[in-house]
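*Asks:* got a predicted structure plus its sequence, pasted below:
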Amino acid sequence: MSLPTILEIIAGTPAAACGLAVDDELISVNGVVPSDVIEYQQLVDDPDPVFLMRREGVEFETIVEKAEGVPIGLRLGSSIFDRVQTCDNHCEFCFIYQLPPGMRKSLYLKDDDYRLSFLYGNFTTLTRFTELDLARVVEDRLGPLYVSIHATDPDIRADMLRNRRGATSLRWLDALLDGDIVVHGQIVLCPDINNGDILERTLAETITRFPKLATLGIVPLGLSKYNTETNLRVHTHLDAQRDIDIVEFWQEQAFKTLGRRIFQASDEMYIMAEREVPAADSYEGYEQHENGIGMMRAFYEEIGRLEGGSSSDAQIVTGEWRSVPAAPAEGYRSIRHESPDPPADRGTLVVLTGTYGTAVIEPVRSRLERLAGRNIRLLEVPNTYFGGNTAVAGLMVGEDIIETIKRDNEPVGAYVIPDVALSGDTFIDDVSLSLVAQLASAPVVVAPATAAGLLGAAR
C-alpha cells in the first residue's frame, strides 16, 4: 500500500490550522489505515480526527479540531491507497488495446474496480467483484455504480469479455439491485456480435431480470487505426437504423411495464443513422450525459432557453460523476482548463471540433450566431492520431489541432477549443495548450462544451 500525500490544503478550513503541509504523507486516521479516499472521508467526518502523518521520513501525530460532519479541507493526491483492481478481461473491443504506442503509462491501465466506478463513473464488469465488496457497497451505500453488461446471454458475454467469469458475474448485478444500490448499465454494441437479435434479447431480459436497473446506455463500438481484431467492424448507416429501432421499441415496452424507459442509445448512434435525437423526456434526467447520451438534446434545449431569455441551466460536463471532497480528479476527469476572458476582436469565432461535434452544431449554428452577435465557423479536426471512426471532440489531440489550424486560411478572430479535449492544460497526446496557442494565427480560447460556454467565448 502506498501512502497518500496531501495535494492541497484549503485556506480557512480546520486542516489549515493544524500544521499539516502539502506533500505530507497520511499513515492513519483515528488509528485506522484507510484503503481508499472513500474510507478516509468517512473517518474524517468524525469530530477531532487524529492524524498520524509522515514528513521527510519523520512520523508525527496531530489532532484536527472540527465538529462532526464539518469538511476538513484536505485534498489528497490519490483516490485508491492500496492496489487498483485491474481488469482481467481481454475484451476484443477494448479501446485501450487500440491506443497508439508511446503514450503515458497511466493511459494503458485497465481497471475493473468498483470504487472507481463509484468515484468517477468508470464501468466495471463485476468479474472481480467479491462477497466482501458487495457487503461494503451495500453497507456504505456506495452508489450509483456503473456496470458493463454488453449481453445477458452468458455465453456471448463470456466470449465478448474473453473471460469465463463473464458468464456468471451478472449475479452481482442482481445482488446490488436487491440491496437497493442505484446502478447504471452500458452495452458496447458490436455489429454481428451483440447487436440485432442479440440486442433484442438483452433488452427484453433486462426488463424481466433487472427491473431495478436505473438506465442502460447503448453505445457503438469505437475502432482506432491500431485495431488488430479482424472480426470487428463499425456500424453502417443501416446497422445504426436497425439497432435504434430495437432500442426505441424496448424503450416503450419498459415504459409500459416499469414506468421508465431505461434504454437510451448514444448520440453517435443517431448521428450514424441520420435521425433526430429523441425529446428531452426520453433521457429521464440525462443520467448518462457524460457517456455521450443526451448531449445533443441537452445542447439544443439549452439554446432554446437562451433564446427565450432564461438562464442556460445546462448539463455541465464537470469531469467527475460524483463529488467526494478529498478525491482527486484523475486522467481526463481532471479539472477543466480555465481560459482568461475572450479577446475583444469581433472577428469570426472558429470552433475546433470533431466530426460528431460538427454534426451537432451545424444545424443550430445560425441560431448561435444570432445569440452571439458574431459569425461562427466550424473547423472540423480530422483525428489522424487515433484514426478509425474516432470522431468525438473529447479525443481531439494537440497534434491534429496544430495541423488543422496550419491549413486554415480563412478569416478568424479567435479559435475555440472545447474543454473536454483537455486534462488541465494538456491534450491526451501530451501536447500543451500553450504550444497550440503559440502556433495559432489568432487567440485560442477554451470553453465549456455547452451552448452557454460557446457563447461566453464569443462575448
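*Replies:* Great, that's in hand.
*Asks:* how about residues contacting stretch 22-41?
*Replies:* Residues outside stretch 22-41 that contact it (CB atoms under 8 Å, 6 or more residues apart in numbering): 1, 3-9, 43-44, 46, 49-55, 59, 76, 78-82, 115, 118-119, 140, 142, 324-328. Where you see a C-beta, it was placed from the backbone N, CA and C, and this is true even at glycine.
*Asks:* actually stretch 102-116, sorry about that
*Replies:* Around stretch 102-116, the neighbours that count as contacts under CB under 8 Å, 6+ apart are 36, 38, 79-80, 84-89, 94, 96, 99, 122, 124-129, 133, 137, 142, 145, 331, 428-430.
*Asks:* please work out the average pLDDT along it.
*Replies:* Stretch 102-116 shows a mean pLDDT of 84 in the predicted model.
*Asks:* next: stretch 62-78.
*Replies:* Stretch 62-78 shows a mean pLDDT of 91.
*Asks:* which residue ranges form the strands in the stretch 1-150 of the chain?
*Replies:* Per DSSP state E, counting those that start in this stretch, the stretch 1-150 of the chain carries strands over the ranges 6-9, 25-29, 50-55, 58-63, 74-76, 145-148.
*Asks:* mean neighbour count added to these, as TSV?
*Replies:* Listed next are the strands of the stretch 1-150 of the chain as TSV, based on neighbours: other CB atoms under 10 Å:
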stretch	mean neighbour count
strand 6-9	16
strand 25-29	19
strand 50-55	17
strand 58-63	11
strand 74-76	21
strand 145-148	25
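*Asks:* how about those strands in a markdown table, adding distance to residue 281?
*Replies:* A markdown table is the format used below for the strands of the stretch 1-150 of the chain (distance: least, CB to CB, whole Å):
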| stretch | distance to residue 281 |
| --- | --- |
| strand 6-9 | 40 |
| strand 25-29 | 45 |
| strand 50-55 | 48 |
| strand 58-63 | 52 |
| strand 74-76 | 38 |
| strand 145-148 | 23 |
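*Asks:* helix, strand, or coil at residue 446?
*Replies:* strand (DSSP: H, G, I helix; E, B strand; the rest coil).
*Asks:* so what pLDDT did it get?
*Replies:* Confidence score, pLDDT, at residue 446: 93.
*Asks:* beta partners of it?
*Replies:* Counting by DSSP bridges, residue 446 is bridged to residue 417.
*Asks:* buried ones from the contacts of stretch 102-116, can you make that a ChimeraX selection?
*Replies:* Restricted to buried positions by 16 or more other CB atoms under 10 Å, the ChimeraX selection for the contacts of stretch 102-116 reads:
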select :36,38,79,80,84,85,87,89,94,122,124,125,126,127,128,129,133,137,142,145,428,429
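*Asks:* one step back: can you check which of the strands of the stretch 1-150 of the chain gets nearest to residue 226?
*Replies:* Ranking the strands of the stretch 1-150 of the chain by proximity to residue 226 (CB to CB) places strand 145-148 first, at 21.4 Å.
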